[in-house]
Every structure is written in structure tokens, then in C-alpha cells.
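Chemist: no sequence for this one, just the structure:
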């Protein structure tokens with residue numbers, strides 16, 4: 001409606017057309033067309049922008065251009081994080097990447113100093129064993145296989161209340177309830 005009158009915009013543009021108006025839409029290339037994600041990062045189309053997923057690389061940043069810290073463990077060293085104050089949460093997401101030729105070894109251990117609560121991720125026979133203890137309840141699950149192949153693998157562990165989920169790389173998540 002223009003000035004109170006119904007206007008057929010398509011017919012009106014055809015009347016005004018000097019030969020440069022086409023009746024089809026112009027197709028714009030997506031933002032991922034230029035391959036902005038570096039070092040093997042995967043590009044996803046966002047609203048008028050691209051989003052780089054760097055989770056399967058050893059890089060981070062908006063284009064996977066910044067190198068992450070890599071620590072080498074030889075079996076007789078470890079890192080300790082001393083949290084001055086314990087936090088009790090119902091939601092946790094933990095992701096770590098590793099590469100090894102060892103068939104077994106401890107990957108991650110988080111223990112409460114006040115309760116029996118424990119989360120342990122270890123490599124056993126080339127598979128990741130996830131051990132969870134909340135109070136007097138405990139569960140184990142095993143994910144992945146042949147993970148001692150000297151390739152980078154990503155372990156993802158999630159907690160939502162008493163439901164725990166774990167998976168390695170792109171495999172289907174396994175869930176347990178404690």
C-alpha cells in the first residue's frame with residue numbers, strides 16, 4: 001500500500017524496468033566460501049557470519065589460528081590444581097584431548113577433599129574408562145577403542161544432575177544414571 005492505494009510491486013517494477021531488473025533472486029555465497037577456518041577447523045554458517053569449530057584441532061580462536069598449550073606426561077609427573085573453595089554443581093562439561101601410544105594410564109582425576117565424590121578418566125586396554133562416585137553411589141562406563149594409536153582424540157564428559165554422558169571423538173554418547 002502506497003499513499004492509501006494497493007500497488008502490484010512486481011508489475012510496477014516491470015513497468016519501470018530499463019533492462020536491469022530480473023525476476024529471480026541473486027544467490028550470495030556463504031561466509032564459509034572463503035574457508036576462513038585454519039588448521040583443519042570446520043566452518044559453519046552463522047547469521048551473516050561464519051563460526052569456526054576448532055575442537056578437533058590443537059588450535060583455538062575465531063579462525064583456529066592460535067596454538068593451544070600442549071603438556072607431555074611421562075608417567076611419573078602430573079598437574080595439580082588446588083581450588084581453595086569447592087563448588088557443588090549439578091551441571092559439568094569436561095573436554096580434554098590426548099595422544100598416546102601407551103595402552104593404559106591415568107588421564108584425569110578430580111576428587112573432593114571433603115566428600116567421596118570422584119571423577120576419574122583413565123585409559124585401560126586402549127579404551128577410556130570413566131569412573132564416577134557421588135557420595136556412596138558409583139558407576140563406571142567405557143568409551144572408545146584403540147585410542148593408543150598416537151592420534152589426537154577428544155574425550156567429552158557431561159553431567160546433568162545424576163545423569164552422566166561420555167564419548168570419544170564423534171562416537172555416540174553413552175549415558176549412565178548414578
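Modeler: Alright, I've got the coordinates. In this text the structure is predicted, and so the values were computed from the model without any measurement.
Chemist: what stretches of this structure score poorly on pLDDT?
Modeler: 1, 17-28 (pLDDT under 70).
Chemist: would you list every one of the strands in it?
Modeler: Counting by DSSP state E, the chain has these strands, from start to end: 42-46, 49-53, 59-60, 66-67, 91-98, 105-111, 118-124, 127-134, 137-143, 153-160, 163-168, 174-177.
Chemist: Name the nearest residue to the residue nearest the centre of the chain, ignoring sequence neighbours.
Modeler: Nearest to the geometric centre of the chain sits residue 55, at 5.3 Å (CA atoms, centre = their mean). Of all residues not flanking residue 55 in the chain, residue 154 sits nearest, at 6.3 Å (CB to CB, 6 or more residues apart in numbering). C-betas here are computed from N, CA, C, even on glycine.
Chemist: Could I get the contacting residues of the one you found?
Modeler: By CB atoms under 8 Å, 6 or more residues apart in numbering, the residues touching residue 154 are 55-56, 95-97, 168-169.
Chemist: Distance to residue 70 for the residues you listed - can I get that in CSV?
Modeler: Shown next, in CSV, are the contacts of residue 154 (distance: CB to CB, whole Å):
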residue, distance to residue 70
55, 15
56, 15
95, 15
96, 12
97, 9
168, 19
169, 18
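Chemist: with the residues you listed in mind, which one is nearest to residue 9?
Modeler: Of all these, residue 9 sits closest to residue 55, with 46.4 Å by CB to CB.
Chemist: ok, that closest one to residue 77 distance?
Modeler: For residue 55, the distance to residue 77 equals 26 Å [CB to CB, to the nearest Å].
Chemist: do the same with residue 127
Modeler: As judged by CB to CB, residue 127 and residue 77 stand 23 Å apart.
Chemist: Which of the two has more residues huddled nearby?
Modeler: Taking neighbours as other CB atoms under 10 Å, residue 127 and residue 77 compare with residue 127 leading, 17 against 8.
Chemist: And that one, how far from residue 142?
Modeler: Applying CB to CB, one obtains 5 Å for the distance of residue 127 from residue 142.
Chemist: Now, of the contacts of residue 154, which are buried?
Modeler: 56, 168 (16 or more other CB atoms under 10 Å).
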